[in-house]
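J.: coordinates only, sequence not included:
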């Protein structure tokens, strides 16, 4: 029998995630923090921070192993990895596999756990739990953030015979990881359907959408001028990763000639391309700002008229729910969902803004101009709708309740 009283007392949780703060990794930090605050003991196994630049952060040096105890009560165990967030497939896979290998070795040093929790993006993060010694193979819960092998092969990193071989190998690995897991969490409704079609029993799947913590505004919110935002006109803000999957070229094309400003803020592999494009063909209503610390983003959202969610339209991303959806709803600002699938559907259901499929610049521009023409009261109504939807569906309380219940269910079931 489980030695926790009634099988429902505090759990010891070993949490494997390749990405973790100080990296911009809210979806992995939120469950670690929330479960700790609810009295569970969480040990995080992660890499040395390098995302999204591919450079080890200042203040960190690559070592065989490092242990940190944060003021938040979470013990963090860091392992070496090949630092890269390059568009090159070999380098990116080197990043994933080096972490999986180091973490598998270091996992033997973690204390015994009642349950293992894996943030399954990349899918190779499941390897440390899968290769545990028999006596340490306590129940395993995977939160599927990205569907593999789709997220690798559909990204264009690999093509031809090599790509087909990689797809087959990853498909086999993912099937093994699904069978190994005692429970699987999905972050969007359509993801459940995809997994059941791939043979995962529906009873093993739990709805565990990501959530974000509210970031309180400072007592004094800086002005648009102080934030380097346009002072006049409607401001549409995209803040986050500037990557290949964010459909940023389509977004820039749509804002060409639009009656509003586009502000792109962040870092990523597309930033250099965007800088060169705007330098060679300046557009007075398109602005590129450097990334800011996570705690500062709330001020930018507060001063923007509309916040943007942007994703390329692919079968894979239609079943994805990026954390930007929750963050945008939580901000209480109107949303332009330059996306398709589940992310766009949430914005429609919440009546929090407008959704438009990327790729049609004229249609997107028309939506931009329609939002820009709304008066302040109409924009405020959309923002308030989004915030209400967030409170009901994506708050920390709701998210933690779902995740904690799933972990307790598999830990008590598998330990009886």
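T.: Structure received. Keep in mind that this is a model prediction, so the values were computed, not measured.
J.: in what helix or strand does the residue lying closest to residue 150 once chain neighbours are set aside lie?
T.: With CB to CB, 6 or more residues apart in numbering as the criterion, residue 150 has its nearest non-adjacent residue at 4.4 Å, and that residue is residue 316. C-beta here means a position set from N, CA and C on the backbone, and glycine is covered the same way. Using DSSP states H and E, residue 316 sits in helix 315-318.
J.: Show me the contact partners of the next helix-or-strand element following that helix.
T.: Scanning forward in sequence from helix 315-318 by DSSP H and E, the next helix or strand is helix 323-331. With contact meaning CB atoms under 8 Å, 6 or more residues apart in numbering, helix 323-331 is reached by 26-27, 209-212, 214, 240, 297-298, 301-302, 307, 309, 335, 343, 346-347, 350, 352, 383, 386-387, 389-390, 394.
J.: pLDDT (mean, whole number) over the helix holding residue 316?
T.: Mean per-residue pLDDT for helix 315-318: 89.
J.: what's the answer for stretch 324-334, then?
T.: Mean pLDDT, computed over stretch 324-334, is 94.
J.: starting at the chain centroid, how far to the host helix or strand of residue 45?
T.: According to DSSP H and E, residue 45 maps onto strand 41-47. On the basis of CA atoms, centre = their mean, to the nearest Å, strand 41-47 is displaced by 18 Å from the centre of the chain it belongs to.
J.: Residues touching the longest helix seen in the chain, excluding its own?
T.: When the chain is parsed with DSSP state H, its longest helix is helix 160-180. Where contact means CB under 8 Å, 6+ apart, the residues beyond helix 160-180 that reach it are 120, 123-124, 126, 129-130, 140, 142, 148-149, 152-153, 157-158, 184, 195, 198-200, 204.
J.: and if we set it to 10 Å?
T.: By CB atoms under 10 Å, 6 or more residues apart in numbering, the surrounding residues in contact with helix 160-180 are 89, 93, 116, 118, 120, 122-127, 129-131, 137, 140, 142, 144, 147-154, 156-159, 184, 195, 198-201, 204-205.
J.: just how off-centre is the helix or strand hosting residue 389 within its chain?
T.: Residue 389 is located in helix 376-393, with elements delineated by DSSP H and E. With CA atoms, centre = their mean as the basis, helix 376-393 stands 22 Å off its chain's centre.
J.: Same question for stretch 168-175.
T.: 22 Å.
J.: pLDDT of that stretch, averaged?
T.: So the average pLDDT for stretch 168-175 ends up being 90.
J.: Next: stretch 58-76.
T.: Mean pLDDT, stretch 58-76: 95.
J.: Report the buried residues of that stretch.
T.: Buried residues in stretch 58-76, counted by 16 or more other CB atoms under 10 Å: 74-76.
J.: do the same with stretch 231-248
T.: 234-248.
J.: Which of those residues sits closest to residue 224?
T.: Nearest to residue 224 among the buried residues of stretch 231-248: residue 235, at 7.3 Å, using CB to CB.
J.: pLDDT below threshold where in the stretch 151-300 of the chain?
T.: Residues of the stretch 151-300 of the chain meeting the criterion pLDDT under 70: 153-160, 162-163.
J.: what residues are up against residue 274?
T.: 242, 248-249, 252, 264, 268, 286, 288.
J.: Which ones among the residues you listed map onto strands?
T.: Secondary structure assignment by DSSP state E places 264, 286, 288 of the contacts of residue 274 in strands.
J.: hmm, back to that, as CSV, the buried residues of stretch 58-76 with distance to residue 399 and secondary structure would be great.
T.: Conversion of the buried residues of stretch 58-76 to CSV gives the following (distance: CB to CB, whole Å; DSSP: H, G, I helix; E, B strand; the rest coil):
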residue, distance to residue 399, secondary structure
74, 17, coil
75, 22, strand
76, 21, strand
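J.: Out of those residues, which comes closest to residue 405?
T.: Lowest distance from residue 405 to the buried residues of stretch 58-76 (CB to CB) belongs to residue 74, with 20.9 Å.
J.: measure residue 132 to residue 46 for me?
T.: Relative to residue 46, residue 132 is positioned 17 Å away (CB to CB, to the nearest Å).
J.: Also residue 402?
T.: 23 Å.
J.: Counting neighbours, go ahead and name the busier of those two.
T.: Set residue 402 next to residue 46 and count neighbours by other CB atoms under 10 Å: residue 46 wins out with 26 against 16.
J.: so what's the closest residue to that one other than its chain neighbours up against?
T.: What sits nearest to residue 46 in space, not counting adjacent residues and going by CB to CB, 6+ apart, is residue 20, at 4.0 Å. Residue 20 makes contact with 28-29, 32, 44-47, 49, 51, 74, 76, 78, 119, according to CB under 10 Å, 6+ apart.
J.: Over to residue 185?
T.: Applying CB under 10 Å, 6+ apart, the residues near residue 185 are 31, 117-120, 141-145, 191, 205-210, 402-403, 406-407.
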